[in-house]
Every structure is written in C-alpha cells, then in structure tokens.
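> here's a sequence, model it:
(chains A and B)
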Amino acid sequence: MTGAKAIVTALEREGVTTVFGYPGAAICPVYDCLADSPICHILVRQEQNAGHAAAAYGRISGRPGVCIATSGPGALNLLTALATAYMDSIPLVAITGQVSSDQLGKDVFQEADITGAAEPFTKYSFLVKSAQELPRVMKEAFYLASTGRQGPVLIDVPVDVQNQQVEFSYPESVMIRGYNPSTRPNLLQLRRVVEAIAAARRPVICAGGGVFSAGAREQMRQFAQRCRIPVVTTMMGIGLMPSDHPLYLGMLGSFGCSAANYAIRHSDLLILIGTRAGDRAMCQPGVVEKRTRVIHIDIDPAEIRKNMEANIPLVADARLVLEALVDECGPADTGMWLAELQQKQGDGAGYADREGFVNPHRVIAAITSRLEEDAIYVADVGLNQIWSARSARMQNGRFLTSGGMGTMGYALPAAMGARLASDAGQVVAVMGDGGFQMSMQELSTLCQHDIPIKMVVFCNDCLGMVRQIQREHYGERYEAVDLSGGPDFAALAQVYGIPAMTVSQNSEIDRAAEALLSARGSFLLQCRVSPDEPA
Amino acid sequence: MKHTISVLVENHAGVLSRITGLFSRRGFNIDSLAVGVTEDKSVSRMTIVVEGDSYTVEQMEKQLNKVVDVIKVRTIPQQELICRELMLIKCNATGRTRSELLDIAKIMGADIVDLTKTTMTLEICDTPDRLDLLEELLKAYNIQEVMRTGTIALQKGNAAISAR
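Presented below is the predicted three-dimensional model:
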C-alpha cells in the first residue's frame, strides 16, 4: 500500500473515528485515502481550530485526538494549538504534509520547517523520510502522546513519502530506550505519604488536571472522603469535585476563592496531586513551603521541585497512588480544621448587579444549575474564564479551558471536539466577544457537520481582562481595548441559521437559560455585561 | 560552580538541536558541548559543561531525561572526573620568538603542528585549565586563531554509562 494508506490504516488501528483538518496540496494523498475510510473528517475553517478541537476530543475521549494539515501555512497555523495542548498536557497527534523530500530545504512553495518550529511545543516530533518508517512512527506517536505525561506529537510526512509503497505491518508494541515513564509508586515514598497524612491535623489536597489525565477523578473523591481532607483545585482541576461537596473549597490562586487560598496558607500538610503548582495557582512559591510540609505526586519527575519545594516527592501515576491511599489511609483527625474552613467559605461571596447589564455570575449559575450532570462546560480565556471558574456549578461533567497557555479563541473549536467525543452530551461554550471573534468562523463548521453547541457570548465591547489591568496598573489609560465595531452576534448567528437571543437584564436570565438549553441544535446567547465588571 | 554532564543520546538527525534548544529555552548556559559516536554506533555521547547551582543542575538533568532521544544522563562528580580538551592555536613566530615558543611548547606538552616564516601552530590536549594557561602564555606572541573542541569526559574507576 502507499504511505498515505499506511497512515490512514494506522489511524483505524488506533481506533480513531474522527479527525479534524484542512487539506492542501502536500497532504492530498492522505485525504485521497480518507475518502475510502470510515473515519469521519471534520473540515474546520482554520487549522488552529482543528488543533483545539482534536485536543478537546482527546481530553474527553482519553485517547489522542487527531488533526491534519498541509505543509507550510497549514502546519504553522497548528502551532498555537500544539503549544496550548503541550502546556496543559493533552494527548494529541498532529499529521502534517510536507513538500517532497528532494525539495526539502530549498524554500519551495509552502515549505516550512514545522518539526523545527514545533520542537519546543511538542512531546516529540517525527520527520518521516521513508514510508517504511510509517507504521512504527504512527505506533510510537500514539504511544508517546498517551502515556507518561501526555502531550502533543507531530508527524511531518513529505508528499513523496505518502506516495511511496510500503508493506504494512503494524507493530504490536513499542520499544523506545530513552522513554520509560514510571507509573508505579515507590513503596517507601508511599509509606512516607501515608504516615504524613496520618500525622496531619490541617491537611489540604491541591488537585490539578493530571488527576483527569490519569482517569482518577473517582479515586480522588474516595480518597478525600475517606480521609476527610478538604480539597482545592487548580483551574485545570475544576470538576474533580462537585461544586457543592462539603469538602470542596473551590479553585485556588490569584483569581481563586478566598477559602481555598486560606486553606493553603494555614495548612500543615499540602498534598499536590497532578499539578505543577504553576504561577497562577501558587502565587507565593517559596513562602508556603516554609509553613507546611509538601507532598508532591506527579507523573513527571521534572515537575518535582521545579516550582515548589517538596518534602515528600512521589513520581507515579495519580490513579495508582490514589488507589493505594484509599486502601492504606484511614480517616484523619480533621474535625477542627474542617469546622474552621467551613466558616471561611462564602467569604467575599456575592457579585454586584449593574443596571442595564446582566450579572455574568448569575448567567453562569442559571445555565450550569440546569445542565445535565455530565455536561461539558468549555470556558474561553479572559474575564469569562475567571467568572466561569468561580461560578460554574459542576457535578460529574467536565470543565475544559486553556489553563496554561491562556489561548483566546479556544472555547468554540474545543466545544466542537468535546461534543464529538462525548456520547451526544450537552456542551456549553462560554466566551467573551474578544475570544469569540477569534474563532467565530467555525459557526459554519457547526452547521455543516450538525454539531450542536450551546454558545454564550459575554459582550462588553472591550477586552475586559486587559482593560482591568490598564484600570488597576496603568492609571486608567485605556489603549487598544475598545472592541466596538463588532456585529450583533445574535443576528450573526441567525444568518447561519442558528437561533439566538440577547439579554441585558438579570430578570431575563432564567428564560434565556431555558431557551439556550432547550434548543434542539446549536444556540447562541448574547449577554450584555458591563465593561467595568471585574474578574 | 561548573558541572560536567554526560548524556547518551540516539545517534540520529535533529537530536543535537533538541538538546541545544532545550538549554536555550530553559535559560541554561552551556560552557562547552562536545559530541561523538560511542562503541554502539546507534548511540552518541555528549559531554556538556555547565555553570549553575545545584537547583539548576537538577533541573537540567530532569529536563534532559524528558527528551525522548536521551537514553541516559549522568552528572560526573568533580573528584571522579577525567576530562580532556583539544586546542589548536596559531600565533606569530619569527626568528627571534620561535625558540621562546618552542620552550613554552615543551614545558606545556604541546606539539608544533605547522610552521611558516611568520607563524607557528601548536596543538595541545590537556585539561581545560591547562589549555587556558597555554593560551595565556601565548598572548604575548599575538594569537591569530584559537580553536577548542570542548571538554570530553569519562568517570574514573570502573563505573560506566551504558545505553543498555
């Protein structure tokens, strides 16, 4: 068979049923084979969105999402999505066409060194020089993307390699001598963790996206409940605990809940699980460790002591660790501590209403309290992300957002990918007018492929987060944050045949939430919010 | 403080740029880097000399280990270090200074590898600080060109790093 056929056959062998992409001359042989494959191809309107959609598909399905682009500009448009996935450790396989291998390095039409450009943002990248390598490369790519600390892998295939003949034999297993991620916890370290938990009086769990990556949400809940340890999450960890769970204190960090930050500051044992303790979550690394002992559980040894000191590091798969801890730990003596934290909860609650505008927190609460319990909530970046992180009511669904890279325009394409990976579940995409305008060309993708997404666009006619920074730190000198000139987004949606509605009064919120969620297909809810509404 | 890190890597295209890219984007400074193939032709060995505190070196080791093409990483303890570097150095040499240069070469254990009416080229293989010393001594003779290979190192005793 041809190299192109080998690529598509390998995708089928990996159980891939949906791919996201945008064709071009250098990837045409692969598209020609896709035509004969049962794999469903979603044609996006810009390659970056194929990357985001595939990444969200990967987050929900637990298997690497797949995106395809052509050489040069097509591949380069993927870069932001690759970097976004890399930062959040999301399994993703990107396949790009490349100019013919005899032309490589000659600056021919649509040539770009994509393996070089993507090197800092990928877990690994392959430039395939012969079709004979393709079965092994495809197998290794899926293995690398989905094991250890997950991440994006790029496969760049010159168009002549796609046309070469290859005898297809798909490897059963992978042997990469430089890649042996350790997943089993060291028993000595595990014992130290158990002892530290037993001795703690003021323990707190700080859980991140790594717990989702390990498929360990249930185990984490069991561990917290069994040991009666309060839980805070990073932004990537939102949804690990139900919002109304008595042990859950909310998100920590610079935009986090006061109770969550209080718990971190006043704990005697901080249990980090599947989190790198990034700067937005742990605002004062170096200070916290002086007051509390730190257990750091992570699959990536390089995260241990990178951002925070750790008294007890444990490099292992979060799921295996949590299963062991559920077995070995008993209830901790945390009664007084929980009572103290109980009093701190609700501190600073209540967000002011503003005349002539809706209160975004009320909108988010109204929508999320009506969602199915396993619904997927996708937040974009900016003020809407912070409002969502604070006010979205989570049960057993997922909260997807670009946590590490903070990539605007993530929500709409990610919602598409999430919806296609979910079993026809509810998917809500919440955006600001800035982020929406970075990916609103995908409205036609939703229509073409009949992907129902509940869109919420908070319109303040400005780049609210930057405006807030200029208000607070640059003496209210507003520069380049005015977004007026945009269309009425409800009217725009209707041009696409997507029903829509606009609200500017809090009294309209309940009716709007009902309309959004009861619509059979996609729906766009435009919400007028004040430009002064803070994060 | 200087640290010497030995790294075994897959011997294929692109690996060197992965390693150097990692160092530059993580803000690690390389003093010298030398690469060559090992007894196993599919494996190259790098000797990287870096300046940094223990936190930085720990981070370097961990980040190097994360690179899929990296097979083994070991920081060689200072007291266990066997290290050598090769230097070629060309300086002015006329009738008057030639014999002085010969004296220096003899004392330092350097060889004369090229000679013209006006220049002399010396070769020395020694520890990096001995190379520094020779360079310092030759400054008075108007150095024209210097080329150093970067440090290569092995660990003393029977300890060995293997790809297997």
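> and the residue in chain A positioned nearest to chain B, how far is that from A:Leu188?
Residue nearest to chain B within chain A: A:Ala302 (3.8 Å; C-beta to the nearest C-beta). C-betas here are computed from N, CA, C, even on glycine. Separation of A:Ala302 from A:Leu188 (C-beta to C-beta, to the nearest Å) stands at 21 Å.
> between these two, which is the more surrounded one?
A count of neighbours by other C-beta atoms under 10 Å in any protein chain shown puts A:Ala302 above the other of A:Ala302 and A:Leu188, at 19 against 9.
> which strand residues bridge B:His3?
For B:His3, the beta-bridge partners are B:Val50 (DSSP bridges).
> these two touch, right, it and B:Val57?
Yes. Using C-beta atoms under 8 Å, B:His3 makes contact with B:Val57 at a distance of 4.9 Å.
> distance of the nearest residue to B:Met46 once chain neighbours are set aside from B:Gln78?
The shortest distance from B:Met46 to any non-neighbouring residue, by C-beta to C-beta, 6 or more residues apart in numbering or on different chains, is to B:Val7 (4.4 Å). For B:Val7, the distance to B:Gln78 equals 18 Å [C-beta to C-beta].
> for A:Met465, same thing?
49 Å.
> more neighbours: the two, which one.
A:Met465 (21 against 10).
> which SS class is the residue nearest to B:Met46?
strand (DSSP: H, G, I helix; E, B strand; the rest coil).
> which residues of chain A lie near chain B?
Counting by C-beta under 8 Å from any C-beta of the partner chain, the residues of chain A lying close to chain B are A:115-116, A:119-120, A:123-124, A:127, A:144, A:176-179, A:300-302, A:304-306.
> recalculate using a threshold of 6 Å.
Taking C-beta under 6 Å from any C-beta of the partner chain as the criterion, chain A approaches chain B at residues A:119-120, A:124, A:177-179, A:301-302.
> from the residues you listed, which two are the most distant?
Spatially, the most separated pair among the residues of chain A next to chain B is A:Pro120 and A:Arg177, at 23.5 Å (C-beta to C-beta).
> show me what the lowest-mean-pLDDT helix or strand in chain A is packed up against.
Lowest by mean pLDDT, DSSP states H and E among the helices and strands of chain A is helix A:288-291, with a mean of 85. Of the remaining helices and strands, none touches helix A:288-291 by 3 or more C-beta pairs under 6 Å, 6 or more residues apart in numbering or on different chains; DSSP states H and E.
> could I have it exported to CSV, CA atoms only?
What follows is helix A:288-291, C-alpha atoms only, in CSV (Å, rounded to 0.1, in the frame of the first residue of the first chain):
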residue,chain,number,x,y,z
VAL,A,288,4.0,28.3,51.5
GLU,A,289,6.7,25.6,51.9
LYS,A,290,8.2,27.4,55.0
ARG,A,291,5.0,26.8,56.9
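> got the contact list for that helix?
With contact meaning C-beta atoms under 6 Å, 6 or more residues apart in numbering or on different chains, helix A:288-291 is reached by A:Glu309.
> swap in 8 Å and give it another go.
Residues outside helix A:288-291 that contact it (C-beta atoms under 8 Å, 6 or more residues apart in numbering or on different chains): A:264-265, A:270, A:282, A:294, A:308-309, A:311.
> now swap in stretch B:34-45 and tell me
So stretch B:34-45 is contacted by B:6-11, B:15-16, B:46-47, B:71, B:149-152, B:161, B:163 (C-beta under 8 Å, 6+ apart).
> run the last query once more with 6 Å
By C-beta under 6 Å, 6+ apart, stretch B:34-45 touches B:8-9, B:11, B:46-47, B:149-150, B:152, B:163.
> out of those residues, which is most surrounded?
Neighbour-wise, those (other C-beta under 10 Å) top out at B:Val9, 24 neighbours.
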